[in-house]
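# Could you work out the structure for the sequence below:
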Amino acid sequence: MPVENISKLALIIRFLKPVTWIPVMWSFLCGAVASGMFGWKEVISMKFLLAMLLTGPLASGTCQMLNDYFDRDLDEINEPNRPIPGGAISLKNATILIALWSVLSVITGYLIHPLIGFYVVIGIVNAHLYSANPIKLKKRLWAGNIIVAVSYLIIPWIAGEIAYNPSFTLSSLQPSLIVAGLFTLSSTGTMTINDFKSIEGDRQVGIRTLPVAFGETNAALIAAVLINTGQFLASAYLFMIGQTDYGIIVGALVIPQFFLQFALVKSPATMDVRYNAIAQNFLVAGMLVCAFAIKAARP
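Numbers count the residues shown, from 1 in each chain. Have a look, this model is predicted:
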């Protein structure tokens, strides 16, 4: 739909890209479960509602607006109907929205736990490093996908742990750090799949994503290996900490993803959306299984 036909509220929501909120919200939930102090009654608590507001429309929304702001030249090629290149949101108004959302995000994070407010700052800095010149890590092959995966997985997962276990120690966070790190490896692969939709624009402006650098088929193969390796290693870790049943479940959840990857490798540019729509469900299910395993392994 042309941007000029969209209401102001719908336009802002589109600018915030709600579909991108879900992974961050889910990672926070997994961290909360892994803390061993999160139960069903917490779902309706003010802390959890603030956390979902933070990890969804606030912090994730801020990072998405920053990405659109700095990628406006690229979006003119790949997605000309996005709010900024489409002319529906001026650079001045975009700057005001980003500044307001950034402040609200940090305040909300601080209200949950002071350290989470600091994590929000790190996430916003990461968004600048990913999108803004002269660094613009998304131009630097692996670096861009890695920093996004860290922001989507490790930071919110550990934030979830801290929110429900304020007396945490580094040793108590270690299982979550290991599992979140391994799923970050898998997430780096899924980020590569997201790059297929913008190959043409990336080539024109010199952004070296894996599909641009290695070709679509090779990039799809690399992505599949990363996705599977991270999850199998997470499964192995659960075996190491004595959570055998959970480890078997996480390993089994990779199997349907593996079969879906055949079609992805055969036609990456046409199967990327379908793959993510189906396969991601198994990956995120594995994250929650790992969270329950960490909870079960706690003394």
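# Lys139: what's it in contact with?
For Lys139, the contact set (Cβ atoms under 8 Å, 6 or more residues apart in numbering) comprises Gly206, Ile207, Arg208. In this view, the C-beta of every residue, glycine as well, is placed from N, C-alpha and C.
# For the last one, give its distance to Leu58.
Going from Arg208 to Leu58 by Cβ to Cβ, to the nearest Å gives 31 Å.
# Which one of these two is surrounded by more residues?
Neighbours per residue (other Cβ atoms under 10 Å) separate Arg208 from Leu58, with Leu58 holding more: 24 against 17.
# Okay, Asp75 and Lys266: tell me how far apart.
Noted for Asp75: a distance of 29 Å to Lys266, by Cβ to Cβ.
# Let's verify Pro83: helix, strand, or coil?
The three-state label given to Pro83 by DSSP: H, G, I helix; E, B strand; the rest coil is coil.
# More neighbours: Asp75 and Lys266, which one.
The neighbour comparison of Asp75 against Lys266 (other Cβ under 10 Å) goes to Asp75, with 19 against 11.
# so which strand or helix has the more buried one?
Applying DSSP states H and E as the criterion places Asp75 in helix 72-78.
# by contact count, what packs against that helix?
Packing contacts for helix 72-78, counted by 3 or more Cβ pairs under 8 Å, 6 or more residues apart in numbering; DSSP states H and E, involve helix 199-205.
# If you count neighbours, what's buried in the helix or strand that the helix it packs on is followed by?
Using DSSP H and E, the helix or strand that follows helix 199-205 in sequence is helix 210-214. Buried residues in helix 210-214, counted by 16 or more other Cβ atoms under 10 Å: Leu210, Pro211, Val212, Phe214.
# With stretch 231-249 instead?
Neighbour-count burial for stretch 231-249, counted by 16+ other Cβ under 10 Å, picks out 231-235, 237-239, 241, 243, 246-247, 249.
# swap in stretch 99-114?
Trp101, Ser102, Leu104, Ser105, Val106, Thr108, Gly109, Tyr110, Ile112, His113.
# Please determine how far Met25 is located from Val212.
30 Å.
# right, I mislabeled it, should have said Arg298
Relative to Val212, and taking Cβ to Cβ, Arg298 is found at 44 Å.
# what does Ile249 give?
For Ile249, the distance to Val212 (Cβ to Cβ) stands at 36 Å.
# same question, Phe232
Relative to Val212, Phe232 is positioned 28 Å away (Cβ to Cβ).
# Over to Pro114?
As judged by Cβ to Cβ, Pro114 and Val212 stand 41 Å apart.
# And for Ser131?
According to Cβ to Cβ, Ser131 stands 17 Å off from Val212.
# And for His128?
For His128 relative to Val212 (Cβ to Cβ), the value is 22 Å.
# And Ala296, by the same measure?
43 Å.
# And for Asn145?
13 Å.
# Find residues that contact each of those two.
Looking at what touches both Asn145 and Val212 (by Cβ under 8 Å, 6+ apart), the common residues are Asp195.
# Show me the domain layout of this structure.
With domains defined by automatic domain parsing, the chain comprises 9-167, 169-299.
# check contacts around Gly31.
Gly31 makes contacts with Pro156, Trp157, Ile158, Ala159, Gly160, Glu161, Ile162, Ala163, Ser176, Ala180, Ala291, as judged by Cβ under 8 Å, 6+ apart.
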